[in-house]
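[1] all I have is the shape, not the residue letters:
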């Protein structure tokens with residue numbers, strides 16, 4: 001037995017109106033209400049100027065691979081992820097947050113120090 005085919009809706013504007021909104025309203029769909037305006041951003045987020053950063057490197061527990069460890073970025077709070085992403089992107093390397101330590105792939109101590117100083121970190125120590 002053949003299945004019944006749903007009738008096509010005329011979308012050419014000949015007799016119905018033709019806009020998508022009109023077609024959806026004819027089928028019983030209503031547009032959701034728009035959300036309220038977003039809240040204003042927080043007053044002052046901590047910056048790198050509040051950080052004393054320590055940069056070291058290690059091969060321990062990494063299968064012989066060298067990584068750069070960036071510590072002392074915790075005063076940034078929620079802005080820590082954005083700073084870590086910008087640092088990884090500008091250095092062209094991979095990395096991950098392990099607790100409160102940013103772990104960058106490779107020995108990037110000097111380049112990371114230069115970037116952090118240019119970004120306005122208060123004190124950067126390379127060890």
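    Yes, it's here. Since the structure is predicted, the reported quantities are computational estimates derived from the model, not experimental observations. Residues are numbered from 1 along each chain as shown.
[2] low-confidence ranges in the chain?
    Residue ranges of the chain with pLDDT under 70: 1-2, 6-18, 39-46.
[3] dihedrals phi and psi, residue 101?
    Phi and psi for residue 101, reported as degrees, to the nearest 10, are phi -120, psi 130.
[4] what of residue 71?
    phi -120, psi 150.
[5] verify the stated contact: it with residue 99.
    No. At 9.8 Å, residue 71 does not count as touching residue 99 under the criterion of CB atoms under 8 Å. Bear in mind the C-beta positions are built from the backbone N, C-alpha and C, glycine included.
[6] neighbour count for the two, which is higher?
    Between residue 71 and residue 99, counting by other CB atoms under 10 Å, residue 71 is the more crowded of the two (17 against 8).
[7] which residues touch that one?
    Counting by CB atoms under 8 Å, 6 or more residues apart in numbering, residue 71 touches 53-56, 100-102.
[8] go on, residue 31?
    21, 24.
[9] secondary structure element holding the residue nearest to the spatial centre of the chain?
    Using CA atoms, centre = their mean, the residue of the chain that lies closest to the mean C-alpha position is residue 82, 6.6 Å off. Per DSSP states H and E, residue 82 falls inside helix 80-91.
[10] ok, now residue 69?
    strand 67-71.
[11] parallel or antiparallel, list what pairs with that strand.
    strand 52-58 (antiparallel), strand 101-105 (antiparallel) (DSSP bridges).
[12] most tightly surrounded among those?
    Mean neighbour count (mean count of other CB atoms under 10 Å) peaks for strand 101-105 among these, with a mean of 20.
[13] and the angle from that one to helix 80-91?
    20 degrees (axes from the mean of the first three to the mean of the last three CA atoms, to 10 degrees).
[14] how about the helix holding residue 82: buried residues?
    80, 83-84, 87-88, 91 (16 or more other CB atoms under 10 Å).
[15] please enumerate the helices of this protein.
    Secondary structure of the chain (DSSP state H): helices at 20-26, 80-91, 109-119.
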